[in-house]
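> Got a sequence here, can you build the structure:
(chains A and B)
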2 protein chains.
Amino acid sequence: MTRWDELSDAEMELLRATFWSAGVSRHLLAGRLGYSRSKANALASGLLEQGLLEEAGLQDSSGGRRPETLKLNGALGVVLGADLGATSLDVAVMRPDLTVLAHHAEPADVRAGPGVVLARMRTLLGRLLQECGATPQQVIAIGMGLPGPVDFASGQLVNPPLMPEWDSFSIRDFLAEDYAAPVFVDNDVNLMALGELWRLQRALPNFLVIKVGTGIGCGIVCHGEVYRGANGSAGDVGHICVDRSGPRCHCGNLGCVEAMAAGPAIARMGLEAVQAGQSEQLAQCLAQHGAITTMDVAQASHNGDAAANAILQRSGNLIGQMLASVVNFFNPSHVFIGGGVTGIGPQFLASVRQSVYQRSLALSTRHLEIQYAPLGTRGGLVGAGVLAMQETLRRARPA
Amino acid sequence: MTRWDELSDAEMELLRATFWSAGVSRHLLAGRLGYSRSKANALASGLLEQGLLEEAGLQDSSGGRRPETLKLNGALGVVLGADLGATSLDVAVMRPDLTVLAHHAEPADVRAGPGVVLARMRTLLGRLLQECGATPQQVIAIGMGLPGPVDFASGQLVNPPLMPEWDSFSIRDFLAEDYAAPVFVDNDVNLMALGELWRLQRALPNFLVIKVGTGIGCGIVCHGEVYRGANGSAGDVGHICVDRSGPRCHCGNLGCVEAMAAGPAIARMGLEAVQAGQSEQLAQCLAQHGAITTMDVAQASHNGDAAANAILQRSGNLIGQMLASVVNFFNPSHVFIGGGVTGIGPQFLASVRQSVYQRSLALSTRHLEIQYAPLGTRGGLVGAGVLAMQETLRRARPA
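Reported below is the predicted structural model:
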């Protein structure tokens, strides 16, 4: 097979553009690159012949000859993606164009430490590869998301508040025992942002992805690229203060939005509603399962429970208040909300919006869209695949 | 003279790099561009011959032959810069390398409307040009900063809260009567950020400039470029809430940092201190001048007045509280504070720092530097010059 480093700059550009333009016709692709149609066709023919691209079937067009779309050749190998949340593990084997070949999700507890969690991940990845009939040698690259601040260059967590045992643990060395492929690690919400950027084919240059789960984080896309900040901690919005007389957060400060509005706070407010005798439905949940979860509150709200409604509204308003500051500062075109709350219903989203529109300046919100993240809970995994392929196609640039 | 559009891409790159690298040796310049020394020398010789570059004297080097530095040729013409604040007007005539040839600053009141203020600016610019012995035909480009939200493409203010009469007024058409040169307009604090970026020769890719004067605004540098947001309103941090039970701001919301901590709030707190009998010194100011200004409070604090100290500390703490949210979100390497408060002394800066370090996460502040803007009150004017030259050298790219 042709080696990446034997390709010309223009050929590499076409490969990268093909990856970022799923389902786009050759004609449009040439336009995006500023190439003539004949130049793009000549390059594509060469890459098809070398087995780097393949044709992706016919696409409807406005008439005449139907232009064919291109995609990265499945024969190049497979990409492994892993999205580790505070309480969940998602893994997948993907084709180079990010079509999912095999997927598995299960609960996990990051506090069990890297030894336990990564051993489980290794087992799952091996099993999924087998299911697809693929070998570790066929893996091109591995992308992984983690729920904490990651030093992108080393791929290691730096002082992660929720998972101290992971500090400076080398995930690369761990995976190197099984795979020769390069491993790329990033913060989970940065990967959600990268996933949405890929889905959008980079059509929006400035947007945010807010993840609300055990914690609250924000992925930032600025000038068409994921922005990680001076020390990789950009988007750490969970500890923005929304109430100076609020409760103390594990970070030591008072009134952090994470402590007052994320998943655990929603569950805690649910419990308090039961204790105050305000919710029949949540009282039943507690009696049946011995605990109340965020999704119990969402379900009760869905069923019309007034106390559950008020809890989601309060959480949404507080998150909206934090977002109002961020929107005034960053003036994004879109805010996508994802994470565990994605399935929580329209009430929550409406409360977030109300609070942002009330507190932000008219100019910042005139065209602002606030919606649930279109990739939903798949965002992190898609982003892990994008990261793996993006870095591979970057590194493969001729020296 | 050679026309810009007859130059090669590499020659234009060298001109741009020379502009952004004042005082840097040819050798280092070649390195920044990724050119070989011989290629850079050949290009530079051609541009020197065509009168686009000139040699800028000898520079100390580590030994051997002393390398010469380059700069844009003064014969290219002059750049006009104007920095309009809410209460001040600064204008200058600059060489293409931004050496100031003539400068004038005076008080102004933007609320007098564009007719009055711009007519005065036109008079001043004409006078300064004469002083330099230059003609309107020699003007290459004009850069201007305004204290409100600017639509960068049209160069017009959009719903400016402090200066409603300026809404959609065409500064370009107004200046076109005197000058054939292109006019570039931006928000004043974006220009301060651009000025610092130029001073730093783009060595810092991610930093903020906070302007504290009549209002509070923020210029954002992200990925090495000024970031203006989806609608040009990025950095509008003056209306971030720092106290939900604070006073009502002119924007309609409660507890905006601008209403509680900017120049007018400092002056108002000064007056209140006099009324409460807490400050001898400020009482004397009031008796002498009939009013108390921000600088009166600064002077009193400098002289050890306890009430004035407390006022500056309160203002600094509130601004630091707003900045803590912004730092958590953006994780900049540096925050530069400028505007009217630049001369206010170390007490204010210490209060800002204290508040940020207390409220921001350790990872975001580990390497964070908070200091007064090195360009001080000149920042906006330098930025206006940078904008004019940057856009000229961009537009002059061969088609």
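
> my guess is A:V93 contacts A:G74, does it?
No - at 11.7 Å, A:V93 does not count as touching A:G74 under the criterion of Cβ atoms under 8 Å. C-beta coordinates here come from the backbone N, C-alpha and C atoms, glycine included.

> Of these two, which one has the most company?
Using other Cβ atoms under 10 Å in any protein chain shown, the more surrounded residue of A:V93 and A:G74 is A:V93, with 24 against 14.

> Show me the beta-bridge partners of that one.
Applying DSSP bridges to A:V93 yields these beta-bridge partners: A:L80, A:A102.

> residues contacting it?
By Cβ atoms under 8 Å, 6 or more residues apart in numbering or on different chains, the contact set of A:V93 is A:78-80, A:100-103, A:125, A:128-129, A:131-132, A:134.

> ok, so of these, who is nearest chain B?
The nearest member of these to chain B, counting by Cβ to the nearest Cβ, is A:V79 at 26.1 Å.

> And for the closest one, the neighbour number?
Counted with other Cβ under 10 Å, A:V79 comes out at 27.

> Start and end of stretch A:289-307, how far apart?
Distance between the two ends of stretch A:289-307: 19 Å, counting by Cα to Cα, to the nearest Å.

> For that stretch, give the mean pLDDT please.
Stretch A:289-307 carries an average pLDDT of 93.

> domains for chain A, by residue range?
A:4-75, A:77-196+A:379-395, A:202-374 (automatic domain parsing).

> ok, back up a step: which among the contacts of A:V93 end up buried?
A:V78, A:V79, A:L80, A:L101, A:A102, A:L125, A:L128, A:L129, A:A134 (16 or more other Cβ atoms under 10 Å in any protein chain shown).

> and those residues as a markdown table, adding pLDDT?
As requested, these are exported to a markdown table (pLDDT from 0 to 100):
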| residue | pLDDT |
| --- | --- |
| A:V78 | 97 |
| A:V79 | 97 |
| A:L80 | 98 |
| A:L101 | 97 |
| A:A102 | 97 |
| A:L125 | 97 |
| A:L128 | 97 |
| A:L129 | 97 |
| A:A134 | 96 |
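
> Between those, which sits nearest B:E55?
A:V79 (53.3 Å; Cβ to Cβ).

> list the contacts for that closest one?
A:93-96, A:98, A:139-143, A:385, A:388-389.

> quick one: which of these sit in strands?
Of the contacts of A:V79, the ones assigned to strands by DSSP state E are A:V93, A:M94, A:V139, A:I140, A:A141, A:I142, A:G143.

> Identify the bridge partners of the third one.
According to DSSP bridges, A:V78 are recorded as the beta-bridge partners of A:V139.

> Can you check the pLDDT for it?
97.

> For burial, what's the neighbour tally of it?
Using other Cβ under 10 Å: A:V139 sits among 23 other residues.

> And it, how far from chain B?
Distance, A:V139 to chain B, by Cβ to the nearest Cβ, to the nearest Å: 31 Å.

> which residues touch that residue?
A:V139 neighbours (Cβ under 8 Å, 6+ apart): A:G77, A:V78, A:V79, A:L80, A:L129, A:Y179, A:A180, A:A181.

> now the fifth one
Counting by Cβ under 8 Å, 6+ apart, A:A141 makes contact with A:V79, A:L80, A:A181, A:P182, A:V183, A:F184, A:A388, A:M389, A:E391, A:T392.

> neighbours around the residue nearest to it when sequence neighbours are not counted, how many?
Leaving aside its sequence neighbours, A:A141 sits nearest to A:A388 (Cβ to Cβ, 6 or more residues apart in numbering or on different chains; 3.8 Å). By other Cβ under 10 Å, 26 other residues sit near A:A388.

> Please point out which parts of the helix or strand of chain A at the bottom of the mean pLDDT ranking sit buried.
Ranked by mean pLDDT, DSSP states H and E, the weakest helix or strand in chain A is helix A:362-365, scoring a mean of 76. Residues of helix A:362-365 classed as buried under the neighbour-count rule (16+ other Cβ under 10 Å) are A:L363, A:S364, A:T365.

> Nearest to B:L204 among the residues you listed?
For these, the nearest to B:L204 is A:S364 (25.7 Å; Cβ to Cβ).

> any idea where the strands of the stretch 51-200 of chain A begin and end?
With DSSP state E, counting those that start in this stretch, the ranges of strands along the stretch 51-200 of chain A come out as A:53-58, A:68-72, A:78-84, A:88-94, A:100-107, A:139-146, A:150-151, A:156-157, A:183-187.

> quick one: the fourth one to strand A:100-107, angle?
Put plainly, it is strand A:88-94. For strand A:88-94 against strand A:100-107, the angle by axes from the mean of the first three to the mean of the last three Cα atoms, to 10 degrees is 170 degrees.

> burial of A:G345, as a residue count?
Using other Cβ under 10 Å: A:G345 sits among 16 other residues.

> doesn't B:G246 make contact with A:R244?
No - the criterion here is Cβ under 8 Å, and A:R244 misses it with B:G246 at 10.8 Å.

> can you pull the contacts of A:S315?
For A:S315, counting by Cβ under 8 Å, 6+ apart, the contacting residues are A:M260, A:A261, A:A262, A:A265, A:I266, A:M269, A:F348, A:S351.

> A:H289 versus that one, what's the distance?
21 Å (Cβ to Cβ, to the nearest Å).

> Quick check, central residue of chain A?
A:M192 (1.6 Å; Cα atoms, centre = their mean).

> Check which helix or strand the closest residue to that residue other than its chain neighbours maps to.
Once flanking residues are discounted, A:M192 sits nearest to A:G379: 3.9 Å by Cβ to Cβ, 6+ apart. Per DSSP states H and E, A:G379 falls inside helix A:379-395.

> Give the other helices and strands that that helix contacts.
helix A:9-19, strand A:78-84, strand A:88-94, strand A:139-146, strand A:183-187, helix A:188-199 (3 or more Cβ pairs under 8 Å, 6 or more residues apart in numbering or on different chains; DSSP states H and E).

> Run the chain-centre distance for that helix.
Centre-to-centre, helix A:379-395 and its host chain are 11 Å apart (Cα atoms, centre = their mean, to the nearest Å).

> That helix versus helix A:9-19: what angle between them?
170 degrees.

> who in the stretch 101-250 of chain A is up against chain B?
With Cβ under 8 Å from any Cβ of the partner chain as the criterion, the stretch 101-250 of chain A meets chain B at residues A:149, A:158-159, A:206, A:218, A:220, A:222-223, A:225, A:227-237, A:239-241, A:243-244.

> Could you identify the buried members of the residues you listed?
The buried subset of those (16+ other Cβ under 10 Å) comprises A:149, A:158, A:206, A:218, A:220, A:222, A:227-237, A:239-241.

> Can you flag which of those residues belong to strands?
Per DSSP E, those map to strands at A:C218, A:I220, A:C222, A:Y227.

> Okay, and the beta partners of the second one?
Translated: A:I220. A:L208, A:Y227.

> re the thing from before, which other helices and strands contact the least confident helix or strand of chain A?
Looks like helix A:362-365 contacts helix A:306-330 (3+ Cβ pairs under 8 Å, 6+ apart).

> Now the helix or strand A:A259 falls within: average pLDDT?
Using DSSP H and E, A:A259 falls within helix A:257-261. Average pLDDT, helix A:257-261: 95.
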